[in-house]
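Peer 1: sequence below, structure please.
(one chain, ligands or ions: 1)
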Amino acid sequence: MSRAFFFDRDGIVNRRIVGDYVKKIEEFVFNDGFFELFKAVKGKGFLAILVTNQQGIGKGLMTEDDLEEIHRYMNDKLMGEVGYSFDAIYFCSDLDGTGSKRRKPETGMFEEAIERFGIDASSSWTIGDSVSDVKAGKSIGTQTILVGSHLQNELADYLFPSIADVKEFFDKNVN
Ligand SMILES: [Mg+2]
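Peer 2: Modelled structure (predicted):
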């Protein structure tokens, strides 16, 4: 069985644009500390799986081709900077409120990855900046990390203000 790090994208890998979507490469800006965290995670042998809700596609604000271009840029940049890229990318273009089984907080994207790679959820982690990320990660049985200035944290196993704090925790506590 392999173990994985399930990464939310907007707000973790790149800066989230509040009230809008990253629709083109110029709008995709890596978060401070992400390269270092990603390198540490890959260096310990975890699969890096991206699981991202992208309802901007469902709303017709961008196309799947736009998203693929952004993700190609993201992975090329990661490979250049860190020497690793994501092992797999799962996105969900379904709109909120449509009963999608893939859109977080549902777990469809996670299940697809688990089946494909033979992942052991209990030795895996989910990291996100929204409660829906944590809900999905918990439902599927991973340990969970919430990042940001959430005032209360009833769900996640760990809450950190920044990506750099996650990296520090990871270095010290995950083998
Ligand atoms: Mg997010």
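
Peer 1: which one's the longest strand in the chain?
Peer 2: Longest strand in the chain, counting residues (DSSP state E): strand 47-53.

Peer 1: report the distance from it to the chain centre.
Peer 2: Counting by CA atoms, centre = their mean, to the nearest Å, strand 47-53 is centred 5 Å from the centre of its parent chain.

Peer 1: with stretch 31-45 instead?
Peer 2: On CA atoms, centre = their mean, the centre of stretch 31-45 falls 12 Å from that of its chain.

Peer 1: other residues contacting that stretch?
Peer 2: Under the contact criterion CB atoms under 8 Å, 6 or more residues apart in numbering, stretch 31-45 has outside partners 3, 5, 11-15, 48, 78, 81-84, 162-164, 166-167, 170-171, 174-175. (Each C-beta comes from the backbone N, C-alpha and C, glycine too.)

Peer 1: now stretch 115-125
Peer 2: 1-6, 46-47, 49, 87-88, 110, 113-114, 137, 140-145, 174.

Peer 1: measure Gly56 to Gly97 for me?
Peer 2: Separation of Gly56 from Gly97 (CB to CB, to the nearest Å): 15 Å.
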